[in-house]
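Visitor: The following block contains a protein sequence and its predicted model.
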Amino acid sequence: MSITSFVKTLQNIMRNDAGISGDAQRIEQIVWILFLKIYDAKEEIWEFHNDSFQSIIPEDYRWRNWAVDYKDGKAMTGEALLNFVNGELFPVLKEIEVDENTPISKAIVRFAFEDAYNYMKDGVLLRQVINFIDSIDFTDYKERHAFNEIYEQILKDLQAQRASGEFYSPRATTDFITRMIKPQLGERVADFASGTGGFLTSALNYLKPQVKSTEDNEVYNNSVFGIEKKAFPYLLSITNLLLHDIDDPVIIHGNSLDKNVREYNENEKFEVIMMNPPYGGSEKDSIKMNFPVELRSSETADLFLSVIMYRLKKDGRAGVILPNGFLFGTDGAKRAIKEKMIKEFNLHTIIRLPHSVFAPYTSIHTNILFFDKTHPTDDVWFYRLDMPEGYKNFSKTKPIKLEHFQPAMDWWENRNVISENDGFKAQKYSVQDIIDDNYNLDLCGFQQEEEIVLEPQELISKYQEERTQLNNEIDNILSVIQEMLGED
């Protein structure tokens, strides 16, 4: 099973379905089917270990009882399958009753389908898709873990196709931050805007080699915590964690900014927080009321940074990707947030990332802030990670890789000032220097960059690609509106 053949096979099938309008819908369609297949495989394992196990899904709606084609001529297809999926399966899954006593491993079914939708209109093609996905044996450890690579590609495809202002952290950035933070088994890792679960799975991959016993495995299963506001990334992240052998994925479908930050108790705090909060958004005044007056920023990323500070345990560690505007911003809230961080936390390192790390989804310059809750800040190290040799910019076809972080990883373990003709690449500032400069953290200069001028054909291709992405998103929205209006 290869990434190329898996994705291409499903593309070829869905391309003939009138209900699928673009790759974004194709991916959403694949993911809800994958979730049910993977969940059924997990239930098989749970049943094997627990004779009294009861599924939260009614018997007729479990994958094994409607989706599996036993080649006896009884598998639903065509209109019968469409009527079952649209008229029975989805309504039943959306209405599953859950309460505070429902185990997370069961409640996630209801949460996963709250906003899911079946786009396909050809029941024969839907049967082909289901049969192909059913051919993967997720009860087999090796095959399940081999599929992780395909799932990573699905997430990348999603990132390329959705043009709604969302973008996700490249795997290299989440892995780099995890390696610098070094989470340990027994610590809980949190991401309060967890998206598709990139930081959480990087943490799990780092923790997995530390598992040596059954008891360790139970600790591992409770190692990560996420909150995701949007429904589709939530479903993606739940599926992602199930693939990483987390039986009880603690990911909440909600808004991390909804709660008053002063009300968090010790049980709601974490040893490790790693995240890439949303940038550029603004929140309602009712949300801002959840923060002390001096911290009520109009910038969503600023509010998330305050949440992180309030939810980091004593001696805890954090790694956060933030836009450059936070570093040099001196408005009241930004300054107050930085003052709080400097005086109450140890902001020890800021890594300036190269331009285009998130290209083509955003051109915004970004930085990684590393801090811990051990003591007030004494000194802050700044390090500029330059574009690797041979690269003018990153792109979908040439993304940033973990190996590109190697200079920063080498420097991290043996810190020293690195001077250059036009300034410096690495430097240390005292906290007094920062206070005297009105809490300006924009203290690591950009490398001189030549302007990149694309060839005419490349420019045309770029615009065509952007237009296609936008058209896909418009089609997606129109399809949803038509369904709401009851139109075909």
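Guide: Thanks, I have it. As the structure is a computational prediction, the values presented were derived from the model and not from experiment.

Visitor: After the helix or strand hosting Tyr39, which helix or strand is next? Please name it.
Guide: Using DSSP states H and E, Tyr39 falls within helix 23-49. Using DSSP H and E, the helix or strand that directly follows helix 23-49 along the chain is helix 63-66.

Visitor: how far does that next one sit from the chain's center?
Guide: 30 Å (Cα atoms, centre = their mean, to the nearest Å).

Visitor: ok, residues contacting that helix?
Guide: Applying Cβ atoms under 8 Å, 6 or more residues apart in numbering, the contact partners of helix 63-66 are Leu36, Lys37, Tyr39, Asp40, Glu59, Asp60, Met76, Phe84, Leu89, Asp134. Every C-beta, even on glycine, is put in place using the N, C-alpha and C of the backbone.

Visitor: Quick one: residues contacting the fifth one.
Guide: What that stands for is Glu59. Contacts of Glu59 by Cβ under 8 Å, 6+ apart are Asn65.

Visitor: And the strands in the stretch 51-200 of the chain?
Guide: For the stretch 51-200 of the chain, the strands defined by DSSP state E, counting those that start in this stretch occupy 189-191.

Visitor: got any ranges where it has weak pLDDT?
Guide: 141, 144-146, 148-149, 153, 156-167 (pLDDT under 70).

Visitor: rewinding a little: going through the contacts of helix 63-66, which ones are buried?
Guide: Leu36, Lys37, Tyr39, Asp40, Met76, Phe84, Leu89, Asp134 (16 or more other Cβ atoms under 10 Å).

Visitor: and which of the contacts of helix 63-66 is nearest Ile104?
Guide: Using Cβ to Cβ, Tyr39 comes nearest to Ile104 of those, at 12.7 Å.

Visitor: Please read off the pLDDT at that closest one from the model.
Guide: Note on Tyr39: pLDDT of 92.

Visitor: quick one: it from Ser282, how far?
Guide: According to Cβ to Cβ, to the nearest Å, Tyr39 and Ser282 sit 36 Å apart.

Visitor: Likewise for Asp122?
Guide: Distance, Asp122 to Ser282, using Cβ to Cβ: 42 Å.

Visitor: Mind checking which of these two has more residues around it?
Guide: Asp122 (20 against 11; other Cβ atoms under 10 Å).

Visitor: Are we agreed that Gly226 is in a strand?
Guide: Yes: with DSSP: H, G, I helix; E, B strand; the rest coil as the criterion, Gly226 is part of a strand.

Visitor: For the remainder of this discussion, apply numbering that starts at 748.
Guide: Yes, from this point I'll number from 748; that puts the last item at Gly973.

Visitor: any low-confidence regions in the stretch 1098-1235 of the chain?
Guide: For the stretch 1098-1235 of the chain (pLDDT under 70), the answer is 1106-1109, 1169, 1192-1231, 1233-1235.

Visitor: one more time with 90
Guide: For the stretch 1098-1235 of the chain, residues meeting the criterion pLDDT under 90 lie at 1102-1113, 1136-1147, 1166-1171, 1184-1185, 1187-1235.

Visitor: ok, for Ala822, nearest residue in space, not its chain neighbours?
Guide: Nearest-residue entry for Ala822: Asp816, 3.9 Å, with adjacent residues in sequence omitted and distances by Cβ to Cβ, 6 or more residues apart in numbering.

Visitor: Kindly apply the preceding question to Gly933 instead.
Guide: Val966 (5.8 Å).

Visitor: What pLDDT does the model give that neighbour?
Guide: Looking at Val966, its pLDDT is 94.

Visitor: Give me the neighbour count for it.
Guide: Val966 has 16 nearby residues by other Cβ under 10 Å.

Visitor: swap in Arg1162?
Guide: Count around Arg1162 with other Cβ under 10 Å applied: 13.

Visitor: Tell me the secondary structure at it.
Guide: coil.

Visitor: what sits against it?
Guide: Applying Cβ under 8 Å, 6+ apart, the residues near Arg1162 are Trp1128, Ala1173, Lys1175.

Visitor: helices or strands next to the strand or helix carrying the second one in the packing?
Guide: Under the assignment given by DSSP H and E, the secondary-structure element containing Ala1173 is strand 1170-1177. Secondary-structure packing of strand 1170-1177 (3 or more Cβ pairs under 8 Å, 6 or more residues apart in numbering; DSSP states H and E): strand 1126-1131, strand 1165-1167.

Visitor: Columns mean neighbour count on top of those strands, output as CSV?
Guide: Formatted as CSV, those follow (neighbours: other Cβ atoms under 10 Å):
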stretch, mean neighbour count
strand 1126-1131, 21
strand 1165-1167, 12
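
Visitor: circling back: show me what the helix holding Tyr786 is packed up against.
Guide: Secondary-structure packing of helix 770-796 (3+ Cβ pairs under 8 Å, 6+ apart): helix 750-761, helix 810-813, helix 851-860, helix 870-881, helix 888-908, helix 978-990, helix 1203-1232.

Visitor: Which of the helices and strands packed on strand 1170-1177 sits closest to Ser802?
Guide: Nearest of those to Ser802, taken as Cβ to Cβ: strand 1126-1131 at 50.7 Å.

Visitor: List the neighbours of the closest one that are in contact with it.
Guide: Taking Cβ under 8 Å, 6+ apart as the rule, strand 1126-1131 contacts 1094-1099, 1155, 1158-1159, 1162, 1172-1178, 1181, 1188, 1190-1194.

Visitor: re earlier: show me what the helix or strand just after the strand holding Ala1173 is packed against.
Guide: Helices and strands here follow DSSP H and E; after strand 1170-1177, the next one along the chain is helix 1178-1183. With contacts taken as 3+ Cβ pairs under 8 Å, 6+ apart, helix 1178-1183 sits against helix 1079-1091, strand 1126-1131.

Visitor: after the longest one comes which helix or strand?
Guide: In the C-terminal direction, the helix or strand that comes right after helix 1079-1091 (DSSP H and E) is strand 1093-1099.

Visitor: Give the partner strands of that next one in its sheet and their orientations.
Guide: strand 1113-1119 (antiparallel), strand 1126-1131 (parallel) (DSSP bridges).

Visitor: Format those as JSON lines; extra columns: distance to Ile1068.
Guide: Shown next, in JSON lines, are the strands paired with strand 1093-1099 (distance: least, Cβ to Cβ, whole Å):
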{"stretch": "strand 1113-1119", "distance to Ile1068": "5"}
{"stretch": "strand 1126-1131", "distance to Ile1068": "15"}
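
Visitor: Compare the ones you listed and give me the one nearest Ser941.
Guide: Judging the strands paired with strand 1093-1099 by Cβ to Cβ, what sits closest to Ser941 is strand 1113-1119, at 17.2 Å.

Visitor: can you give me the angle the closest one makes with helix 1079-1091?
Guide: Interaxial angle of strand 1113-1119 relative to helix 1079-1091 (axes from the mean of the first three to the mean of the last three Cα atoms, to 10 degrees): 40 degrees.

Visitor: Alpha carbons only: can I get strand 1113-1119 in CSV?
Guide: These are the backbone C-alpha positions of strand 1113-1119, laid out as CSV (Å, rounded to 0.1, in the frame of the first residue of the first chain):
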residue,chain,number,x,y,z
THR,A,1113,6.9,33.7,12.3
ASN,A,1114,8.9,33.0,15.4
ILE,A,1115,9.0,30.2,18.1
LEU,A,1116,9.0,31.4,21.7
PHE,A,1117,10.3,28.9,24.2
PHE,A,1118,9.6,29.7,27.9
ASP,A,1119,9.0,27.8,31.2
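
Visitor: Now do it: distance to the chain's middle.
Guide: How far strand 1113-1119 lies from its chain's middle: 18 Å, per Cα atoms, centre = their mean.
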